[in-house]
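Engineer: Here is the input, now give the coordinates:
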Amino acid sequence: MTNIDDFEDRMVNLNQKTRKLAGALQRRVARFLSKEGIIHPGDSGIVAVSGGADSLCLVHVLHSLQDSLGIKLAVAHLDHGLRGTESEADATFVSKIADELGLPSVIERRDVKSYKSKHKSSWEEAARSVRYEFLAETAKALDANWVAVGHTVDDLAETVLMHMIRGSGIYGLRGIEPSRLWPYPTNSNDLKLIRPILELTRADTEGYCGAFGLQPRFDTSNLSDVHTRNRVRSQLLPELEKYNPKIKEALVRLSQASAHQVELLDWALEPIWGDVARHGMAVRIKASIMDLIPYALQVHLVRRAVTYILGGPEGISEAHLDAIIKAIKGRAGTRANLPRGMTVTKQYGVAVLSLDAEADKFLPPPLEGEYEISVPGETRLPGWIVYAEIVPIAAPKGGPRAKDPRPALQGGGGPGSTRLFRQGSSGRRDGLQHPIISARVIR
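Structural biologist: Okay, the predicted model is just below:
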């Protein structure tokens, strides 16, 4: 008898009550997917399965809905190589589950320890980065539209609480979303990360696995107090439940309220975002825009630019966003280096946010030598427009009166060969400052 036959026999032997409960949960997930619109007929999807109750429930439910949804599924599992024979047994277990369900699977092992050492990151960050890289590569290899992960209401509540502790803004208080673009740079801008069981609780997934006789694997690292999430789950939330027995529901409501506020900011940002130039992994923002919108929308604009470049705001804090805004409003020539290889460079009237290798695509060609320009007036040069005006500058107290500088600039009458000064530079004649000529890029 094959593994698939074993699985089908277990399905037949389920008692009526168990069938009813399992069917109700499957319908809840189907309604959630329909409401959120995150899966479409014809989609090909990757289901990330660790072997725990949540991911086991996820793959089982999506398999049961596969035909009605009109989708194709494959299973992906990564052995992080951190728990020896225990993690090897997890991989074997997931491979067996995929075989029982008749689903293709991709099982790999990668070196998280080397990644952590190279990037000087925490264990959690290293494992997450390596895992998401593996899932993105698997999705590309199998031409998948999305990757599904088994996050639940419990994960949402924990995430909101963790973000509160870290002082996140309204964006972070949303917690985790039902669907989002892939959170790390990838060759595909269309790959999505989806969470089909986000409305289920951990008790729901454990009950579902029990109903079908599935025996999830247990990750012993979840018992360690080294990881922040584990301490929030095992210590902080139980303590908060003494003050509010429904603290998880309260955190979920906070998440939903924050999501509605972000939705409003998204709506307000759309006409502004349409005027923001984008090229490759670089974004150019006009400094003048920042003077026309409130600070909350400035932050949202910068966050949108960061997400466009990096795939997600991970590693970019509210302090980093504030630093970007200050750079956009700052003096020309200002440059700041940010996490994940991103930079912000202030030019004349605009700022360029980019991955360092992309920065030059927005920078104008250098101007060398001397050019004949109109003073006052507008002169077009390769990659530049030069606007020049006469700016009277009062003489020092007790000094000579300011003279009309045009004869000096024009060589005694008519335009001549005039050196283009950089903004902020000056020459002196008869104790007077000459007009400053400002230039900015035209693209």
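
Engineer: Contacts only, for residue 32.
Structural biologist: Applying Cβ atoms under 8 Å, 6 or more residues apart in numbering, one finds that residue 32 lies in contact with 178, 196, 197, 198, 199. Just so you know, the C-beta spots here come from the backbone N, C-alpha and C atoms, and that holds for glycine as well.

Engineer: Next, format those as JSON lines and append distance to residue 256.
Structural biologist: Shown next, in JSON lines, are these (distance: Cβ to Cβ, whole Å):
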{"residue": "178", "distance to residue 256": "11"}
{"residue": "196", "distance to residue 256": "18"}
{"residue": "197", "distance to residue 256": "17"}
{"residue": "198", "distance to residue 256": "11"}
{"residue": "199", "distance to residue 256": "11"}
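
Engineer: does residue 254 count as helix, strand or coil?
Structural biologist: Three-state assignment for residue 254 (DSSP: H, G, I helix; E, B strand; the rest coil): helix.

Engineer: Neighbours of it, how many?
Structural biologist: Residue 254 is flanked by 17 other residues according to other Cβ atoms under 10 Å.

Engineer: what about it, distance to residue 179?
Structural biologist: Distance of residue 254 to residue 179, given as Cβ to Cβ, to the nearest Å: 20 Å.

Engineer: returning to that earlier point: quick one: which two of the contacts of residue 32 are the most distant?
Structural biologist: Spatially, the most separated pair among the contacts of residue 32 is 178 and 197, at 10.0 Å (Cβ to Cβ).

Engineer: Three-state assignment for residue 242, please.
Structural biologist: Following three-state DSSP, residue 242 is assigned to coil.

Engineer: ditto for the one 3 residues further on
Structural biologist: Using three-state DSSP as the criterion, the local structure at residue 245 reads coil.

Engineer: Give me the phi and psi angles of it.
Structural biologist: Per-residue torsions, residue 245: phi -60, psi -20 (degrees, to the nearest 10).

Engineer: mind checking pLDDT for it?
Structural biologist: Residue 245 carries a pLDDT score of 96 in this model.

Engineer: Please apply the same query to residue 406.
Structural biologist: Residue 406 is assigned 47 on the pLDDT scale.

Engineer: who does the helix or strand where residue 262 lies touch, helix- and strand-wise?
Structural biologist: Using DSSP states H and E, residue 262 sits within helix 247-273. Secondary-structure packing of helix 247-273 (3 or more Cβ pairs under 8 Å, 6 or more residues apart in numbering; DSSP states H and E): helix 153-165, helix 237-240, helix 295-310.

Engineer: Now do that helix against helix 153-165, angle only.
Structural biologist: Here the directions of helix 247-273 and helix 153-165 differ by 70 degrees (axes from the mean of the first three to the mean of the last three Cα atoms, to 10 degrees).

Engineer: just checking, residue 224 touches residue 231?
Structural biologist: No. When contacts are counted by Cβ atoms under 8 Å, residue 224 is not listed as touching residue 231 (9.3 Å).

Engineer: From the structure, what's the count of residues near the residue nearest to residue 266 when sequence neighbours are not counted?
Structural biologist: Distance criterion Cβ to Cβ, 6 or more residues apart in numbering; nearest residue to residue 266, sequence neighbours excluded, is residue 300 at 7.6 Å. Neighbour count for residue 300, taken as other Cβ under 10 Å: 24.

Engineer: Could you do residue 372 as well?
Structural biologist: Residue 372: 10 neighbours (other Cβ under 10 Å).

Engineer: Distance check, it against residue 344.
Structural biologist: 34 Å.

Engineer: same check, this time on residue 106
Structural biologist: Residue 106 is 38 Å from residue 344, by Cβ to Cβ.

Engineer: neighbour-wise, which of these two wins?
Structural biologist: Using other Cβ under 10 Å as the criterion, residue 106 and residue 344 rank with residue 344 on top: 27 against 19.

Engineer: Next up, the contacts around the more buried one.
Structural biologist: The neighbourhood of residue 344, defined by Cβ under 8 Å, 6+ apart, consists of 323, 324, 327, 328, 334, 335, 336, 338, 351, 352, 353.
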